[in-house]
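Peer 1: Okay, structure incoming, though there's no sequence with it:
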């Protein structure tokens, strides 16, 4: 694939400065680029005094995952999701768990080419209920993600954004018009953490969370990766979960995920399972209805319970659904209380399978 020519797809969110540099207005980094320069994300570049996306139509790979892996526990449980990403990222997290993709500076790692229509057709033929923009942040391939989502919507396939939520207000409005569900990384509830460990800021992420919850119909879940010694104190967990309860509401699911040493934080130990359990207990005490532990084998912490009567509603063993106690209207079959989410009469049965997809035979138009 080394003969692939880098794309130069037009973008919308930028303006020309008086000194002939181009300022990117997609995310709060506001990169100011001379001719030929790329932003921190590496995939948006100044070409002839215009900002272009260099990875449009190219992916680091395609795979069918369980929707629970995104993680989304309240959006079409048990169904397969067609997942893909590109390369690069607009944050610089020292603890990145997908650094080989998000920190990639090698354009030829993008081995798979696919138009939005090809992706939609592949997802449809493979019987995926949704497409996920994941592995790296869809903020930086904004135009490509929107075009894919539009093609998918025409076929009744839903779109899922897995994002850090670091995006400016105007592009955020456009982007979430095309999304049906999102999992947003709330990496910490501390500005110093964001500044020193991600190269970003906390407030734009909080703004994104409030926008999605209150201004859109997008189903929202949140993930916080707990890193020992950095964002796992009782004080921070109390402030984070109280903010979610007060600003977003008790029904927004929260996933506490286990860190493993990676990228530039190899000296930090893995997150103990008891830290995740402690965080979950704090969140439940602060009034959140649906709190989960991730990246560990914890059937109780991965399952969904009725917030009224305590009945087990959806049992999960890793990514496999083991019990289903919702009625056909998404209510607890014991007390009748509704469970927040996007459910169908019956769950899917995809299980824990992870199936790579090669798009060669999907490229031909029907």
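Peer 2: On my side now, so go ahead. Note that the structure is predicted; figures quoted are calculated from it, not measured.
Peer 1: Tell me where the longest strand sits in the protein.
Peer 2: Longest strand of the chain, by residue count under DSSP state E: strand 219-226.
Peer 1: Just the residues contacting it, thanks.
Peer 2: 71-75, 95, 97, 180-188, 209, 212-213, 231-232, 240, 244, 248, 252-259, 271, 275-276, 279, 294, 341-342 (CB atoms under 8 Å, 6 or more residues apart in numbering). (Each C-beta comes from the backbone N, C-alpha and C, glycine too.)
Peer 1: Which residue ranges of the stretch 101-250 of the chain form helices?
Peer 2: Remark: helices assigned in the stretch 101-250 of the chain by DSSP state H, counting those that start in this stretch are 116-125, 142-153, 169-176, 191-193, 203-215, 234-243.
Peer 1: out of those, which comes closest to residue 10?
Peer 2: Closest approach to residue 10 among the helices of the stretch 101-250 of the chain is made by helix 142-153 (7.7 Å; CB to CB).
Peer 1: For residue 23, which three-state class applies?
Peer 2: Put simply, residue 23 is strand when judged by DSSP: H, G, I helix; E, B strand; the rest coil.
Peer 1: before we move on, back to that, okay, the angle between the longest strand of the chain and helix 169-176?
Peer 2: For strand 219-226 against helix 169-176, the angle by axes from the mean of the first three to the mean of the last three CA atoms, to 10 degrees is 110 degrees.
Peer 1: quick one: strands adjacent to strand 219-226?
Peer 2: With DSSP bridges as the test, strand 219-226 is paired with strand 181-185 (parallel), strand 254-258 (parallel).
Peer 1: thinking in terms of the whole chain, how far from its middle is that strand?
Peer 2: 9 Å (CA atoms, centre = their mean, to the nearest Å).
Peer 1: Tell me where the model's unsure across the stretch 1-150 of the chain.
Peer 2: Within the stretch 1-150 of the chain, the stretches with pLDDT under 70 are 1-6, 99-112.
Peer 1: can you do 50?
Peer 2: Residue ranges of the stretch 1-150 of the chain with pLDDT under 50: 1-5, 106, 108.
Peer 1: Determine the number of other residues adjacent to residue 199.
Peer 2: When neighbours are defined as other CB atoms under 10 Å, residue 199 has 16 of them.
Peer 1: mind checking the SS state of residue 300?
Peer 2: Using three-state DSSP, the structure places residue 300 in helix.
Peer 1: Which parts of the stretch 251-366 of the chain are strands?
Peer 2: For the stretch 251-366 of the chain, strands defined by DSSP state E, counting those that start in this stretch occupy the ranges 254-258, 291-294, 304-305, 312-317, 320-324, 355-357.
Peer 1: so what strands line up beside the longest one?
Peer 2: In other words, strand 312-317. Short version: by DSSP bridges, strand 312-317 pairs with strand 304-305 (antiparallel), strand 320-324 (antiparallel).
Peer 1: Quickly compare those and say which is most buried.
Peer 2: strand 304-305 (a mean of 24; mean count of other CB atoms under 10 Å).
Peer 1: what's the spacing between it and its chain's center?
Peer 2: Remark: strand 304-305 is offset 22 Å from the chain centroid, using CA atoms, centre = their mean.
Peer 1: for stretch 76-89, same thing?
Peer 2: 8 Å.
Peer 1: Just the endpoints, please. Distance across that stretch?
Peer 2: End-to-end distance of stretch 76-89: 28 Å, with CA to CA, to the nearest Å as the criterion.
Peer 1: for stretch 188-206, same thing?
Peer 2: 11 Å.
Peer 1: I would like the residues contacting it, please.
Peer 2: Stretch 188-206 has contacts (CB under 8 Å, 6+ apart) with 27-29, 40, 90-95, 164-168, 184-187, 224, 230-231, 236, 239-240, 243, 247.
Peer 1: And the buried ones among those, selectable in PyMOL?
Peer 2: To isolate the buried subset of the contacts of stretch 188-206 in PyMOL, counting by 16 or more other CB atoms under 10 Å, use the following:
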select buried, resi 27+28+29+40+90+91+92+93+94+95+164+165+166+167+168+184+185+186+187+224+230+231+236+240
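Peer 1: ok so, going back, tell me which of the helices of the stretch 101-250 of the chain sits nearest to residue 266.
Peer 2: Taking CB to CB, helix 191-193 is the member of the helices of the stretch 101-250 of the chain nearest to residue 266, at 18.4 Å.
Peer 1: Which residues belonging to that closest one are considered buried?
Peer 2: For helix 191-193, burial by neighbour count (16+ other CB under 10 Å) applies to residue 193.
Peer 1: pLDDT on that helix, on average?
Peer 2: The average pLDDT within helix 191-193 is 98.
Peer 1: Counting neighbours, what do you get for residue 349?
Peer 2: Residue 349 has 10 neighbours, counted by other CB under 10 Å.
Peer 1: what's the spacing between it and residue 324?
Peer 2: 10 Å (CB to CB, to the nearest Å).
Peer 1: Also residue 118?
Peer 2: According to CB to CB, residue 118 stands 34 Å off from residue 324.
Peer 1: list the contacts for residue 138?
Peer 2: Shown in contact with residue 138 (CB under 8 Å, 6+ apart): 85, 145, 161, 162, 163, 175.
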